[in-house]
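Student: model this:
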Amino acid sequence: MKKITHSLQDFAMITFGTAIVAAAVFFFLVPSKLSVASISGLAIVLENYIALPVSGITMILNLSLLVVGFLLVGREFGSKTVYTSILLPTFIWVLERLLPNYTSIMQDPFLDMICYIFVVSIGLAILFNRNASSGGLDIVAKLLNKFFRMDLGTAMSGAGMVVALSSGLVYDAKTVVLSILGTYLNGIILDRFIFGFTIKKRVCVISEKEEEIRQYIIRNLHSGATIYQAQGAYHLEPKKEIITIVDKNEYLKLMNFLDKVDPNAFVTVYDVNKIIYRPKL
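Tutor: Next comes the predicted model:
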């Protein structure tokens with residue numbers, strides 16, 4: 001029962017995140033004809049050649065990429081990617097029907113670009129935290145990764161830039177520049193925004209107050225820690241190094257505690273983007 005409830009909550013949040021992405025596309029990209037790093041952006045360009053709305057072209061592209069992905073990469077995408085790939089153009093289609101004559105509220109392509117990046121980042125962050133994606137260029141990136149050994153981040157950026165440049169086939173130089181700028185800024189903000197939700201800190205501490213710090217980490221932060229034997233290079237004195245991984249709130253608490261208990265402690269801090277841990281049963 002708990003598993004079913006969790007799955008329902010998972011897909012409810014994925015649906016909500018996808019709706020936000022669709023709103024960002026419909027309210028900001030489409031009116032200004034911007035082609036910012038997405039399959040929907042490519043659909044905006046292709047709309048000038050194909051007698052279909054953006055939602056229809058996006059659906060065709062997403063389904064085509066899913067088929068190619070399953071055939072060439074395998075079943076790595078899962079039900080969530082299939083779900084969002086179909087749901088995104090469906091949401092855009094609903095908005096097209098509800099607001100057939102919609103024009104930009106901002107009346108400024110630059111402001112539309114900024115608003116799109118901000119809103120779509122929220123939607124993608126929700127999807128990312130549910131181990132989902134909006135499909136489209138993610139599938140292209142995985143194909144490039146498999147066949148050309150490209151890093152996924154580089155592949156996503158490259159595919160996004162190609163989409164942005166495609167606007168030059170139809171629109172003026174200003175639209176092309178805004179599409180390229182939007183693609184670049186979108187990549188930077190997504191790195192900060194999305195990974196900011198999950199990023200943790202690896203804190204390494206060498207202190208004379210080792211026992212107090214260890215107790216604080218275990219009892220107050222309810223976190224684990226590893227203690228290593230270290231030795232100073234100058235005087236060859238034995239030291240103990242405490243290493244713990246904490247989230248942002250725990251990190252602030254830990255640093256405040258260290259300032260109080262031992263201001264002279266030697267501390268190094270690293271960002272941690274992913275943790276793989278399988279506890280023993």
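
Student: does Asp10 really touch Asn129, like I thought?
Tutor: No: look at Asp10 against Asn129 with CB atoms under 8 Å: they stay out of range, at 10.2 Å. Every residue, glycine included, has its C-beta placed from N, CA and C.

Student: who touches the closest residue in space to Glu47 that isn't next to it in sequence in this structure?
Tutor: In space, and not counting its chain neighbours, Glu47 is closest to Val54: 5.7 Å by CB to CB, 6 or more residues apart in numbering. Counting by CB atoms under 8 Å, 6 or more residues apart in numbering, Val54 makes contact with Val25, Phe26, Val30, Ser40, Ala43, Ile44, Glu47, Ile92, Glu96.

Student: how close does Val54 get to Ser38?
Tutor: For Val54, the distance to Ser38 equals 11 Å [CB to CB, to the nearest Å].

Student: Next, show the common contact partners of these two.
Tutor: What both Val54 and Ser38 touch, as defined by CB under 8 Å, 6+ apart, is the set Val25.

Student: tell me the pLDDT at the residue nearest to Glu47?
Tutor: Val54 carries a pLDDT score of 94 in this model.

Student: Quick one: the strands in this structure, in order.
Tutor: Counting by DSSP state E, the chain has these strands, from start to end: 200-206, 226-231, 238-246, 266-272.

Student: Tell me the gap between the first one and the middle of its chain.
Tutor: Relative to its parent chain, strand 200-206 has a centroid offset of 24 Å by CA atoms, centre = their mean, to the nearest Å.

Student: Within the sheet, what are the partner strands of it, with directions?
Tutor: strand 238-246 (antiparallel), strand 266-272 (antiparallel) (DSSP bridges).

Student: Could the C-alpha coordinates of it be exported in CSV?
Tutor: Provided in CSV are the C-alpha atoms of strand 200-206 (Å, rounded to 0.1, in the frame of the first residue of the first chain):
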residue,chain,number,x,y,z
LYS,A,200,25.6,18.0,-0.2
LYS,A,201,28.9,19.0,1.5
ARG,A,202,31.8,16.7,2.4
VAL,A,203,33.3,18.2,5.4
CYS,A,204,36.8,17.1,6.6
VAL,A,205,37.8,18.3,10.1
ILE,A,206,41.1,18.0,12.0
